[in-house]
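S.K.: need a structure here:
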Amino acid sequence: MVFALVGALLALAPVAASAGDIEVTARVDRTTATVNDQIRLTVTVTGTIRSVPTPELPDLTADFNTFSAGTSTNLSIVNGAITSSKSWNYSLQPRSEGVFTIPPIEVDFDGAVYSSEPIEIEVLPGAAPPPAGSQERRESSGISSDGRSVFITTSVDRKRAYVGEQITLSFKFYRRINLWRQPRYGAPDLTGFWVEDLPPQDEYVEIVDGIQYQVIEIKTALFGAAAGTATIGEATISYEDRADPFSIFSMPGRERILRTDPIEVEIVPLPADGRPAGFGGAVGEYEITATADTRRPAALEAVTVKVTIEGSGNVRTVPAPSFQESPEFKVYESGSATDVTRRGRIVGGRRTHSFVFVPQSEGSRGIPAFELSYFDPATREYRTTRTRPIVLEVGPPAAGAAAEATTAPTSISRLGRDIRYIREPEGRLRPAARPLAERPWFLFGQILPAAALAAVWATKRRRDRYSADEALARYARASSRARRALRSARETARAGDRAGTCSAVASALVDFVGDRLNVGARGMTVAELAATLRAAGADDDTIARVRSILAQCDAGRFSGGGDGVETERLLRDGEACLSAIERISRRRGR
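M.R.: Residues are numbered from 1 along each chain as shown. Okay, the predicted model is just below:
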């Protein structure tokens, strides 16, 4: 009854809002912080409207690392007037000390722009955090119990870790009574972490306070995706006990649900001192090797080189190795493969990259060494590992190889004739008249009303789903929104505004990633955006193209008029990147 009343009132609520019906506020939990503190920013949009518009967060990457921390929605009805309020939470990590200003945060609604007041934040120097690996003791989130007959706990092996360093989460289910059926485990919310399961689950006996319990333990490996405070959500167990808990012949009792407390984990940024120029974000301990399928190729003959990176750490996020390009070879990437292993609760594995080297001339030619820079959290140092150079003895090209490499066929030759037409009989055959009820247009007329009704129902259901699920609405409208932005950028380019074109292309690409992957992409750095795309399944080529486009856009926006930027090529590359990311998001699913 209550839901029906609320639905009726929402149906009567006005769709549009006039000036003054929307209010945008922004607040922080502190205006003075140190470089090691987290600042919580909350943006709230309130109005007498049915659907609250999403605010546009300004670019804060120069002063803060920005991370999305969830949303909350509130609906109130006072004297028949409906007021909707939605809050967006963000976590800000200062990049340096000083006084910074968060610009007004704007909301564009029905042709009018509403904005919050600017916020000034003073960042003071802070003491360096203690080493991430210094806390090895288990930290419990607390105990959820049911008369100590059944209880659950969650714990982590460390509450402070570097970005990309493994944290082991342990969930334990204790019982000393018989249950009616198998309990149902609800995994915690692990937003902000890369997650790897650590099967199999352990079952053993443990003595707690002098009482013997049967224990089921589930372990999960977590890797912090970005610096800041990350929260491991509550875990749950749902089970049914027995009327006589100590008898296996008892009738079922009532259903019970146990919950654990959330755990906050501090993810420490990787140190800036000693960071190699080619560091791509790999954390762990790795070795790198390279092999070639032949050491004596002919000139212009392809040589496949497989580079294997193996060790402990989150191998899914390890970037491709780097090498010094040489004019003696043409080089092509031909894909990569990842094999994750779990040894003694430590996540590791192997990542193999394939390259094709084509020697351009004969003689002794050396494939340069491949190298990988990584951060070792055990020693808290950056390290670089390299392969040995591969020496090829390149022979003369095979007969016709040079021609085949440079000459394309210019004509099509007819080799012969095969199928001839069947001779048709003379005269015309006229089909017998079909009954009216069997004619296609009659059947179509019968299903037309039902089809129209189904279309109306589907349209209404789709509209209701979009109103209730903002992430789904963003996902569905992302493509058309990005295409409109690129058309607008093309018009800007025709007007000769190169800097404006660069800004429009960058915004279209970043907003499309945010809408399709349901993340706050506007507040991400290029490296964080690349990590998000890699987590969604993007290949290295797509990520490299996104990086290149954003770098060109930044150069065009800040070089004074965008001189040197080929806007037509930039627009083509932006369209190609949108298509590639769209395919990735479709495979990944919402």
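
S.K.: Break this structure down into its structural domains.
M.R.: Residue ranges for the domains of the chain, per automatic domain parsing: 2-124, 132-268, 282-400, 469-588.

S.K.: ok, which stretches of this structure are helices?
M.R.: With DSSP state H, the ranges of helices along the chain come out as 2-12, 401-406, 440-468, 470-494, 498-517, 526-535, 540-558, 567-588.

S.K.: Need the winner for burial among those.
M.R.: helix 498-517 (a mean of 23; mean count of other C-beta atoms under 10 Å). Heads up, the C-betas are built off the backbone N, CA and C, glycines and all.

S.K.: could I have it exported to PDB, CA atoms only?
M.R.: C-alpha atoms of helix 498-517 as PDB (Å, rounded to 0.1, in the frame of the first residue of the first chain):
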ATOM      1  CA  ARG A 498      41.900  23.400 -32.300                       C
ATOM      2  CA  ALA A 499      42.200  23.800 -28.500                       C
ATOM      3  CA  GLY A 500      38.400  23.500 -28.200                       C
ATOM      4  CA  THR A 501      38.400  20.400 -30.400                       C
ATOM      5  CA  CYS A 502      41.100  18.700 -28.200                       C
ATOM      6  CA  SER A 503      39.100  19.500 -25.100                       C
ATOM      7  CA  ALA A 504      35.900  18.100 -26.600                       C
ATOM      8  CA  VAL A 505      37.500  14.900 -27.800                       C
ATOM      9  CA  ALA A 506      39.200  14.300 -24.400                       C
ATOM     10  CA  SER A 507      35.900  14.900 -22.500                       C
ATOM     11  CA  ALA A 508      34.000  12.600 -24.900                       C
ATOM     12  CA  LEU A 509      36.500   9.800 -24.500                       C
ATOM     13  CA  VAL A 510      36.800  10.100 -20.700                       C
ATOM     14  CA  ASP A 511      33.000  10.400 -20.200                       C
ATOM     15  CA  PHE A 512      32.400   7.400 -22.400                       C
ATOM     16  CA  VAL A 513      34.700   5.300 -20.300                       C
ATOM     17  CA  GLY A 514      33.000   6.500 -17.100                       C
ATOM     18  CA  ASP A 515      29.500   5.900 -18.400                       C
ATOM     19  CA  ARG A 516      30.300   2.400 -19.900                       C
ATOM     20  CA  LEU A 517      32.300   1.100 -16.900                       C
END
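
S.K.: any idea how far residue 231 is from the residue nearest the centre of the chain?
M.R.: Taking C-alpha atoms, centre = their mean, the centroid of the chain lies closest to residue 532, which sits 3.7 Å from it. Look at residue 532 and residue 231: by C-beta to C-beta, to the nearest Å, they are 19 Å apart.

S.K.: what do you get for residue 294?
M.R.: Taking C-beta to C-beta as the measure, residue 294 falls 53 Å from residue 231.

S.K.: More neighbours: the two, which one.
M.R.: residue 231 (18 against 12; other C-beta atoms under 10 Å).

S.K.: surely that one meets residue 267?
M.R.: No. Between residue 231 and residue 267 there is no contact under C-beta atoms under 8 Å: 10.8 Å.

S.K.: on that earlier part again, can you give me the distance of the residue nearest to the centre of the chain to residue 492?
M.R.: The value you get for residue 532 to residue 492, if C-beta to C-beta is used, is 27 Å.

S.K.: go on, residue 390?
M.R.: 49 Å.

S.K.: For stretch 381-395, buried residues please.
M.R.: By 16 or more other C-beta atoms under 10 Å, the buried positions in stretch 381-395 come out as 382, 385, 387, 390, 392, 394.

S.K.: any idea how far it is from the chain center?
M.R.: Put simply, stretch 381-395 sits 33 Å off its chain's centre (C-alpha atoms, centre = their mean, to the nearest Å).

S.K.: and what of stretch 535-553?
M.R.: 13 Å.

S.K.: Would you mind checking the average pLDDT for stretch 38-55?
M.R.: Per-residue pLDDT values over stretch 38-55 give a mean of 78.

S.K.: same question, stretch 513-529
M.R.: Stretch 513-529 shows a mean pLDDT of 74.

S.K.: State the number of residues packed around residue 316.
M.R.: Residue 316, neighbours per other C-beta under 10 Å, totals 15.

S.K.: Relative to residue 196, which of the helices of the chain is closest?
M.R.: Closest to residue 196 of the helices of the chain, according to C-beta to C-beta: helix 526-535, at 12.5 Å.
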